[in-house]
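In: Compute the structure for the input listed below.
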Amino acid sequence: MDIAGWFCAVEAGDLEHIKETYMQFVGKINEKGRTALMIAASLGHKSICDFLARLESRQTTPKGVTALMIAAELQHIDIVAILAPYESRMRSDKAEPAIIRAARHCCMPALEILLPYEMCYASECLAVAKINRLDEVYKRIDAALASNFTESFSVHSTLVQPILPQNSLLLQSQHQSQCTQMSGLDGNVGVRVDANTDTTLQQADLITTLTTELEDLRLVEREYEDLKYTCEAYQEQIRELNLDNDTLFTDNMSLRRDKEKYLRALKRLGPCPSCKKSQSELQNLLAENTRLSTELSTIRTNSLEVWSRILMKRALSDEEIKRFAPFVDLIQ
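Out: Numbering: from 1, shown residues only. Model (predicted):
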């Protein structure tokens with residue numbers, strides 16, 4: 001089997017052939033820069049993805065897209081669950097992790113699977129949901145962030161509790177005095193917790209605002225890239241037109257030089273003898289034709305006059321007979 005047969009087997013979902021030949025072709029890419037795992041993820045071949053996940057995971061297309069991102073975008077939930085442990089926390093060239101792709105397509109099952117793996121991108125995901133007005137996604141991410149904050153605060157409170165040795169009377173007395181002081185400040189503890197909560201919420205709002213601005217900048221960047229590609233295409237067309245223009249200019253100059261060369265050669269040679277003779281004969285023929293045309297016009301005039309006399313039944317005078325005598329035979 002060659003590389004084309006390998007990818008055909010992946011597209012057909014033929015796991016047996018994949019298992020027989022994977023040692024030879026694993027990690028190879030097709031003409032679009034995709035691996036067998038990416039193709040299987042796009043087509044929803046769960047068994048092939050399960051087999052190739054440990055072999056081709058964390059490979060990307062030329063645009064930085066992974067098989068997990070493809071599965072999340074196409075909402076292949078089973079494949080997302082398979083690939084999440086292998087390919088989580090990776091970004092494409094557009095700086096989008098798989099969880100943001102799942103959020104954009106409002107794929108809640110994929111979002112639930114990816115949250116434990118890509119919780120670090122939750123703030124960005126929240127901003128994307130807010131911009132695109134994905135209310136369900138926004139509520140779920142917001143709840144996940146709140147739950148994560150509560151757990152972090154509980155762990156922090158547990159860690160900061162004093163651990164005192166029981167065999168030290170001095171330390172025990174110090175600890176008791178500290179507890180006494182703290183008991184007098186119980187009313188302020190809640191205030192401090194509320195203050196910390198407000199600060200954290202402000203930080204979350206700031207993160208959301210910054211993430212929104214980042215998303216806007218990414219949109220501008222994508223538009224810039226599109227304009228850049230368009231300008232490059234126009235520049236390529238301009239280069240081709242300039243080459244064509246240069247070629248036409250060169251051909252035109254060459255034709256002009258040839259024309260001037262031929263004109264100079266004709267001037268040196270002058271008209272050929274046969275051309276001179278033909279020109280003289282043509283002039284003689286034109287003169288003869290002019291003479292004959294004049295005679296024919298005269299004949300027509302006289303003929304019309306004779307016929308008019310005959311039709312009027314009037315006898316011709318002697319002078320008229322003499323004038324028409326040369327044309328009598330023609331008239332008869």
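
In: measure the residue lying closest to Ser123 once chain neighbours are set aside to Ala287 for me?
Out: Nearest residue to Ser123 in three dimensions, chain neighbours excluded: Ile207, at 4.5 Å (Cβ to Cβ, 6 or more residues apart in numbering). To be clear about C-beta, it is placed using only N, CA and C from the backbone, and glycine gets the same treatment. Distance from Ile207 to Ala287, counting by Cβ to Cβ, to the nearest Å: 107 Å.

In: These two: who's more crowded?
Out: Legend: neighbour count by other Cβ atoms under 10 Å for Ile207 and Ala287, higher for Ile207 (16 against 10).

In: if we look at stretch 99-112, which residues are touching it?
Out: Outside stretch 99-112, the residues within contact range by Cβ atoms under 8 Å, 6 or more residues apart in numbering are 69, 71-73, 75, 77, 80, 98, 114-115, 117-118, 121-122, 124-125, 128-129, 132, 134, 136-137, 140-141.

In: buried set for that stretch?
Out: 99-105, 107, 110-111 (16 or more other Cβ atoms under 10 Å).

In: Repeat that for stretch 127-139.
Out: Buried residues in stretch 127-139 (16+ other Cβ under 10 Å): 127-130, 134, 137-138.

In: List the neighbours of that stretch that are in contact with it.
Out: Residues contacting stretch 127-139 (Cβ under 8 Å, 6+ apart): 100, 103-104, 106, 108, 111, 125-126, 141, 208, 211-212, 214-215.

In: One more: stretch 52-71?
Out: Applying Cβ under 8 Å, 6+ apart, the contact partners of stretch 52-71 are 18, 22, 26-27, 29, 32-38, 40-42, 49, 79-80, 82-84, 86-88, 90-94, 96-98, 101, 110.

In: Show me how to select, in PyMOL, the buried members of the residues you listed.
Out: This is the PyMOL syntax for the buried subset of those, where burial follows 16+ other Cβ under 10 Å:
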select buried, resi 18+22+29+34+35+36+37+38+40+41+42+49+79+80+82+83+84+86+87+88+90+91+92+96+97+98+101+110
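
In: Low-confidence ranges, the chain, go.
Out: The chain contains residues with pLDDT under 70 at 1, 148-205, 208-209, 212, 270-273, 306-317, 320-332.

In: Pick out the residue closest to the middle of it.
Out: For the chain, Asp226 is the residue whose C-alpha lies nearest the centre (Cα atoms, centre = their mean; 6.7 Å).

In: ok, now which ones touch that residue?
Out: Counted by Cβ under 8 Å, 6+ apart, Asp226 has zero contacts.

In: So which of the contacts of stretch 127-139 belong to helices?
Out: 100, 103-104, 108, 111, 125-126, 141, 208, 211-212, 214-215 (DSSP state H).

In: What is the most widely separated pair among those?
Out: The largest distance within the ones in helices among the contacts of stretch 127-139, taken as Cβ to Cβ, falls between Met108 and Leu214 and amounts to 24.0 Å.

In: Which of the contacts of stretch 52-71 fall in helices?
Out: In helices, judged by DSSP H, the following of these are found: 18, 22, 36-38, 40-42, 49, 79-80, 82-84, 86-87, 98, 101, 110.

In: ok so, going back, format the contacts of stretch 127-139 as JSON lines; extra columns: distance to Lys259.
Out: Conversion of those to JSON lines gives the following (distance: Cβ to Cβ, whole Å):
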{"residue": "Ile100", "distance to Lys259": "68"}
{"residue": "Ala103", "distance to Lys259": "72"}
{"residue": "Arg104", "distance to Lys259": "67"}
{"residue": "Cys106", "distance to Lys259": "72"}
{"residue": "Met108", "distance to Lys259": "78"}
{"residue": "Leu111", "distance to Lys259": "76"}
{"residue": "Cys125", "distance to Lys259": "73"}
{"residue": "Leu126", "distance to Lys259": "76"}
{"residue": "Ile141", "distance to Lys259": "78"}
{"residue": "Thr208", "distance to Lys259": "75"}
{"residue": "Thr211", "distance to Lys259": "71"}
{"residue": "Thr212", "distance to Lys259": "69"}
{"residue": "Leu214", "distance to Lys259": "66"}
{"residue": "Glu215", "distance to Lys259": "65"}
